[in-house]
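Engineer: here's a sequence, model it:
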Amino acid sequence: MREIYFSIGDEVLQLPYVDEKIEVGEGLNSEEFETTDGKTLTLIGAKGNRTISISSFFPTKQYRWLPFSSKLSTECLEFFKRNREKILRIVYVNGQETLCNMLCTIQNYTVAPKKNGDYNYSLEIKEYIDPMEVS
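Structural biologist: So this is what the prediction gives:
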């Protein structure tokens with residue numbers, strides 16, 4: 001079972017429903033230069049910061065197929081409103097396997113109400129590297 005947790009300090013929010021369409025990306029830092037004869041030279045650098053794209057919904061009621069302790073839309077919306085511009089920790093697990101555990105920032109956050117009262121949302125998350133821990 002896939003689970004995603006966001007935390008800041010002692011506050012933890014488990015996303016109520018995790019869709020299987022989670023995308024975890026890890027790019028490369030590379031630079032391109034044009035040579036004197038017009039060709040493109042690519043210099044490949046180190047791995048870039050990881051990104052995660054999440055699209056799902058926040059429920060307004062406790063559906064029978066949701067885990068019993070699921071947070072409802074009011075708590076979820078308030079958590080992201082309050083912490084939108086802060087450094088968070090995201091932990092993404094699938095059963096016993098931890099797929100991601102990192103500090104992050106929310107690069108993009110969109111919310112749209114549905115006809116049944118639930119809220120569709122999408123989150124674009126980017127890994128945050130603490131400058132105090134860079135060696």
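
Engineer: burial measure for the closest residue to Asn94 other than its chain neighbours, as a count.
Structural biologist: Counting by Cβ to Cβ, 6 or more residues apart in numbering, Arg2 is the residue found nearest to Asn94 once chain neighbours are left out, at 5.1 Å. Quick note: C-beta positions are derived from backbone N, CA and C, even for glycine. Neighbour count for Arg2, taken as other Cβ atoms under 10 Å: 15.

Engineer: before we move on, what about Ser122?
Structural biologist: Other residues near Ser122 come to 13 when the count uses other Cβ under 10 Å.

Engineer: likewise for Phe58?
Structural biologist: Phe58 is surrounded by 24 other residues when neighbours are defined as other Cβ under 10 Å.

Engineer: correct me, but it touches Cys76?
Structural biologist: Yes. At 4.3 Å, Phe58 counts as touching Cys76 under the criterion of Cβ atoms under 8 Å.

Engineer: which residues does Lys71 contact?
Structural biologist: Residues counted as contacts of Lys71 (Cβ atoms under 8 Å, 6 or more residues apart in numbering) are Leu13, Gln14, Pro16, Phe58, Phe79.

Engineer: next step: those residues restricted to strands.
Structural biologist: When those are checked against strands (DSSP state E), the matches are Leu13, Gln14, Phe58.

Engineer: which SS state does the residue of the chain most remote from its centre fall under?
Structural biologist: No residue in the chain sits farther from the centre than Asp37, which is 42.6 Å out by Cα atoms, centre = their mean. In the three-state summary, Asp37 is assigned as coil, counting by DSSP: H, G, I helix; E, B strand; the rest coil.
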